[in-house]
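Novice: Provided below for reference: sequence and predicted model.
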Amino acid sequence: MSSEPADSASPDTDAFDVIVLGAGPAGENAAQYAIAGSDRTAALVEHELVGGECSYWACMPSKALLRPTQVLATATHMPGVQQHVTADHVDIPAVLSRRDRFTSGHDDSSQVLWADAAGIDVIRGHAHLTGPRTVTVDGDHPRTLHARHAVVLATGTVATVPDLPGLRAALPWTSRDATNLRQIPRRILVIGGGVVACETATWLRQLGADEVTVVVRGPRLLARIEPFASDAVADRMQTRGVRLRFGTEVTSVTRPDVRDTGVGMIHGGPVTAELTDGTTIEVDELVVATGRRAAVGHLGLDTVGLDTGTVTVDDHLTVAGVDGTWLYAVGDVNGRAALTHMGKYQARVCGDVIAARAENRPLDDPRYRASADHGQIPQVIFTVPEISSVGHTADSARDAGLDVEVLEADIDVAGAALHRDDFTGHATLVVDRATDVLVGATFAGSDVAELVHAATVAIVGKVSLGLLWHAVPAYPTISEVWLRLLETRRP
């Protein structure tokens, strides 16, 4: 399990024990874990902001936009409070200002200070492999870096924009534009039915967009979650005036007066989109949320004998197809689980593996394998209602060859009623009949994010349903739904 002897760095290179390409949460964690408590050195190479997509363009700003309207909705359904709520909408400038505080105004100096304190060098520029253990950084001051032990790819993903007639020329918004908006468009079209599309449509409507239309190629939203949960989101969207167009695609887009001012593109007139059903829709802005692709195109993968389009890793997060055990990939770039918390999890495993190999320690301990990527992935979707889930859905479990039983219950417990007067929700557990252990769980309702970790522990720990009877939920909490679910199993 030991690492190969490190090559000697030539005089014109900078040598580090660990070099991480990409300074998002996954890259930061990989560097920190690889050198913590040792005299090893690490460098983070980043061409944008230290902190990455999540900190400035995804998780943090999107949740900052969603939360204020959720608080207002709770207040307006709470006697004793609702009488003092004098407005039916949030203060938009205040919401945007709070979002900007969470993104630090796109200033990453505090993240750089953290890296310095952790003993990690931050290097600015675009990085690419130029051979085994060798990284070249392009920028104002080009550098060649040499890794004694490991290079870690943590470059994430980028939004894809379909090559439809006129779409790219119309300068549509991607998730980055949507989370960093300065004004709320009156009319907006969202293309896509996944998590980004649903959360974006939710906050745009809640923040005051008059007309929000979502065009979905398939028959439902959020195709990978339990149907009851996606149906609940669709129903609430429609109740709130969002127009959902299922089984429909955009065929072409036109937008007049898109002008180049010399300092960037300025959006001009309204956007006109032609749809496959023959209808036309005119909006002020268009959001494309049709997926993302791994940011590997300029990493120089071919210089180490890899396909330039994909990166595949084993459970140690070591990249397959490379001689030796020096190249790793963590987070969205490896395609295993495109979620920030899973990227950070992989990075912790990866950093520990690098440290163990550097110190010639065996990798027998389970913590050196990223096992949670296999059927144990938790997720929260911050729509209305909120959706939290972990592991399999009933359909995915059956597709995996499992004989499953599904336990269902409405979230109709004292804790939920106390939480807010209009609380509604539903929950399901997916149980493997052969082992009588939980393999999946889904919750839909207000603030159900906090329910999913208990399910995650039960799945990872392979806790039998018989033992779960003795995991007593506190009264009065929403967690009492666990008891209601188990009661459906009583003879």
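Specialist: Alright, I've got the coordinates.
Novice: where does residue 155 sit: helix, strand or coil?
Specialist: Three-state assignment for residue 155 (DSSP: H, G, I helix; E, B strand; the rest coil): coil.
Novice: so which residue is dead centre in the protein?
Specialist: Centroid-nearest residue in the chain, with C-alpha atoms, centre = their mean: residue 339, separated by 3.4 Å.
Novice: for the residue nearest to it when sequence neighbours are not counted, report the pLDDT, please.
Specialist: Closest residue to residue 339 apart from its sequence neighbours, by C-beta to C-beta, 6 or more residues apart in numbering: residue 379 at 6.1 Å. For glycine as for every other residue, the C-beta is placed from the backbone atoms N, C-alpha and C. What the model reports as pLDDT for residue 379 is 98.
Novice: shouldn't residue 379 be in contact with residue 390?
Specialist: Yes - under the criterion of C-beta atoms under 8 Å, residue 379 makes contact with residue 390 at 7.2 Å.
Novice: overlap of the contact sets of the two?
Specialist: residue 452 (C-beta atoms under 8 Å, 6 or more residues apart in numbering).
Novice: show me which of the two is the more surrounded one.
Specialist: residue 390 (27 against 18; other C-beta atoms under 10 Å).
Novice: can you tell me the SS state at the more buried one?
Specialist: On the basis of three-state DSSP, residue 390 is classed as strand.
Novice: same question for the one 5 residues further on.
Specialist: Here residue 395 takes the helix state, with states given by three-state DSSP.
Novice: now it: how far from residue 435?
Specialist: Distance, residue 395 to residue 435, using C-beta to C-beta, to the nearest Å: 19 Å.
Novice: cool, and residue 239?
Specialist: Counting by C-beta to C-beta, the gap from residue 239 to residue 435 is 40 Å.
Novice: higher neighbour count, these two?
Specialist: residue 435 (12 against 9).
Novice: that one falls within a helix, correct?
Specialist: No - assessed with three-state DSSP, residue 435 is coil; it does not lie in a helix.
Novice: model confidence for it, exactly?
Specialist: Residue 435 is assigned a predicted lDDT (pLDDT) of 97.
Novice: residue contacts, it?
Specialist: 462, 464.
Novice: next one: phi and psi at it?
Specialist: Dihedral pair for residue 435: phi -110, psi -10, per degrees, to the nearest 10.
Novice: the strand or helix carrying residue 93 packs against which elements?
Specialist: For residue 93, the enclosing helix or strand under DSSP states H and E is helix 92-102. When contacts are defined as 3 or more C-beta pairs under 8 Å, 6 or more residues apart in numbering; DSSP states H and E, helix 92-102 packs onto helix 59-75.
Novice: starting at the chain centroid, how far to the helix it packs on?
Specialist: 17 Å (C-alpha atoms, centre = their mean, to the nearest Å).
Novice: list the buried residues in it.
Specialist: Buried positions in helix 59-75, judged by neighbour count with 16 or more other C-beta atoms under 10 Å: 59-70, 72, 74.
Novice: and stretch 313-327, by the same measure?
Specialist: Buried-residue list, stretch 313-327, by 16+ other C-beta under 10 Å: 313, 315, 316, 317, 318, 319, 322, 325, 326, 327.
Novice: the nearest residue to the fourth one once chain neighbours are set aside - how many residues pack around it?
Specialist: It stands for residue 317. If the residues on either side of it in the chain are set aside, residue 317 comes closest to residue 350, at 4.0 Å by C-beta to C-beta, 6+ apart. The local packing of residue 350 (other C-beta under 10 Å) involves 32 other residues.
Novice: residue 387 and residue 448 touch, don't they?
Specialist: Yes - Residue 387 is within contact range of residue 448, at 7.3 Å (criterion: C-beta under 8 Å).
Novice: of those two, which one has the most company?
Specialist: With neighbours defined as other C-beta under 10 Å, residue 387 and residue 448 compare such that residue 387 has more, 27 against 24.
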